[in-house]
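Novice: Kindly generate the corresponding structure for this input.
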Amino acid sequence: MKPILPAIVATLALSVANLASAETLRLLTWGSYAPDNIIKMFEEKYPDIEVEVTFSNNEEMIAKLRATGGAGFDLAQPSHDRIYAAQLEYDIYKPLDLSKIDMSNMEAKLLDGVKENTTIDGGVYAVPHW
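Specialist: Here you go, the predicted model:
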């Protein structure tokens with residue numbers, strides 16, 4: 001399936017507890033999950049927003065978010081299987097507003113599986129990134 005800009009940006013998975021500045025979109029993600037060409041496309045479409053990417057792994061992401069209470073990042077993208085327990089224990093993510101995400105290009109079975117694994121108290125904390 002071909003990556004699509006809105007889906008990648010929206011699902012860089014999870015809005016963290018405190019939003020960073022509006023002029024810079026700060027992403028916390030895996031090394032290959034924010035390709036330069038996608039970042040460039042976003043910055044061309046939204047020239048007033050600079051994208052700052054911090055590459056990490058699951059454990060480092062959780063540690064960074066715990067240490068800052070989620071401050072400093074707008075979107076975080078841990079593996080969906082590491083969201084549920086970390087959210088229950090540390091309350092470091094915010095649920096997604098699914099009405100703002102175009103999910104029509106996502107494979108239904110994959111979407112349902114990710115949503116099932118990341119739903120807490122009715123809030124969905126992740127969708128597939130493509």
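
Novice: in the protein, what spans have low per-residue confidence?
Specialist: Along the chain, segments meeting pLDDT under 70 span 1-22, 130.

Novice: Same question for the residue nearest to I49 when sequence neighbours are not counted, what's its three-state structure.
Specialist: Nearest residue to I49 in three dimensions, chain neighbours excluded: L25, at 5.4 Å (C-beta to C-beta, 6 or more residues apart in numbering). Yep, even glycine has a C-beta here, placed from its N, CA and C like the rest. Per DSSP: H, G, I helix; E, B strand; the rest coil, the secondary structure class of L25 is strand.

Novice: And the one 3 residues further on, by the same measure?
Specialist: Classification of L28 into helix, strand or coil gives strand, according to three-state DSSP.

Novice: hang on, isn't it packed against A71?
Specialist: No. The criterion here is C-beta atoms under 8 Å, and L28 misses it with A71 at 11.5 Å.

Novice: beta partners of the residue nearest to I49?
Specialist: Legend: beta-bridge partners of L25 under DSSP bridges are V51.

Novice: That one: neighbouring residues, count only.
Specialist: 22 (other C-beta atoms under 10 Å).

Novice: before we move on, back to that, counting neighbours, go ahead and name the busier of L28 and A71.
Specialist: L28 (26 against 13).

Novice: now the helices for this protein?
Specialist: 5-11, 36-45, 58-68, 83-90, 108-117 (DSSP state H).

Novice: K100 and D91, how far apart?
Specialist: Applying C-beta to C-beta, to the nearest Å, the value for K100 to D91 is 22 Å.

Novice: again with P47
Specialist: In terms of C-beta to C-beta, P47 sits 35 Å off from D91.
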